[in-house]
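> Next come a sequence and a model predicted from it.
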Amino acid sequence: MKTALANYDKSKSYALNEALEIVKKNATAKFDETVEMHVKLGVDAKKTDQQVRGTMVLPKGLGKSKVVAVIAKGEKVLEAKSAGADFTGDADLVEKISKGWLDFDVLVATPDMMKDLSKLGKVLGPKGLMPNPKSGTVTFDVGRVVKELKAGRIEFKMDDSGNLHTAVGKASFTPDDLAANIQSLLQAIQSAKPSTAKGIYISNVTLTSTMGPGVRLAHEALIQ
């Protein structure tokens, strides 16, 4: 960490290409580190009308395909399978999950199956896996959602302190691919600005790798 911190000025905000060069240089772990973006928002996190949340498809993906499970009936099961879902089912899959099976990253469900899923709140809720209309995972359009998730769709959601923490790719990505993901995500966050938010909306952006230190990003020019 001392070596990594010596590679740059922690108090300085860097242009995107410079920031990515530093982040990639400091990603020295033996595994392919995830590159993350942390955003401090100028909103009142206690007000419900200033919550920031949304979904988007990263243009260059995340470097790892998500394992997607779909709970649906009839033709919607076939639609999910055709779109690339890893696991599909209806009551049988609900029963399997109720017994502790959670070998998936995202769970999608059609609205008519939510009554059956409601009893799994204690299992799925703490893991952040309960399907939710706001994140687009409760839908009859399962084919489109599965394809988007497989292509790199992510959800961004503000925490209780008014911060967003989101993966934007892998350290092995080219700088251009990481830059494309970061710029698209910043634009999506900007578009999600609450109408009641006042003052500076995106106040601070930091890039980091899994094991590396944070690098401040001069983000203003990227959201105009």
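Received it, and whenever you're ready, just let me know what you need.

> Can you point out the buried residues in stretch 185-205?
185-186, 188-189, 192-194, 197, 201-202, 205 (16 or more other CB atoms under 10 Å). To be clear about C-beta, it is placed using only N, CA and C from the backbone, and glycine gets the same treatment.

> What of stretch 113-122?
So stretch 113-122, judged by 16+ other CB under 10 Å, has buried residues 113, 116-117, 120.

> And for stretch 138-145?
Neighbour-count burial for stretch 138-145 flags 138-139, 142-143, 145 (criterion: 16+ other CB under 10 Å).

> Once you drop chain neighbours, what's closest to residue 80?
In this structure, residue 80 finds its nearest non-sequential neighbour in residue 70, 3.8 Å apart by CB to CB, 6 or more residues apart in numbering.

> Sorry, wrong one. I was asking about residue 134.
In this structure, residue 134 finds its nearest non-sequential neighbour in residue 53, 6.2 Å apart by CB to CB, 6+ apart.

> For that neighbour, list the residues it contacts.
134-135, 155-158, 192 (CB atoms under 8 Å, 6 or more residues apart in numbering).

> any idea how far it lies from residue 200?
Between residue 53 and residue 200 the computed distance is 20 Å (CB to CB, to the nearest Å).

> State the three-state secondary structure for residue 195.
What DSSP: H, G, I helix; E, B strand; the rest coil gives for residue 195 is coil.

> cool, the one 3 residues further on as well?
Per three-state DSSP, the local secondary structure of residue 198 is coil.

> and residue 211, what is it in contact with?
Neighbour list for residue 211: 27-29, 33 [criterion: CB under 8 Å, 6+ apart].

> Of those residues, which is the nearest to residue 102?
residue 33 (24.6 Å; CB to CB).

> From residue 176, how far off is that closest one?
18 Å.

> quick one, which of the two is more surrounded?
Using other CB atoms under 10 Å, the more surrounded residue of residue 33 and residue 176 is residue 33, with 20 against 11.

> That one contacts residue 208, correct?
No. Between residue 33 and residue 208 there is no contact under CB atoms under 8 Å: 9.2 Å.

> the helices in the protein, which residues?
Ranges of helices in the chain, per DSSP state H, are 2-5, 16-26, 75-83, 91-98, 114-117, 121-124, 142-151, 175-191.

> just so I know, which of those lies nearest residue 107?
If you check each of those against residue 107 by CB to CB, helix 121-124 wins as the nearest, at 6.8 Å.

> and that closest one, what does it pack onto?
Packed against helix 121-124 by the contact rule (3 or more CB pairs under 8 Å, 6 or more residues apart in numbering; DSSP states H and E) you find helix 91-98.

> Now the helix it packs on: buried residues?
Quick answer for helix 91-98 (16+ other CB under 10 Å): 93-94, 97.

> and it, what other elements does it pack with?
strand 68-71, helix 114-117, helix 121-124.

> what is the orientation angle of it with helix 75-83?
70 degrees (axes from the mean of the first three to the mean of the last three CA atoms, to 10 degrees).
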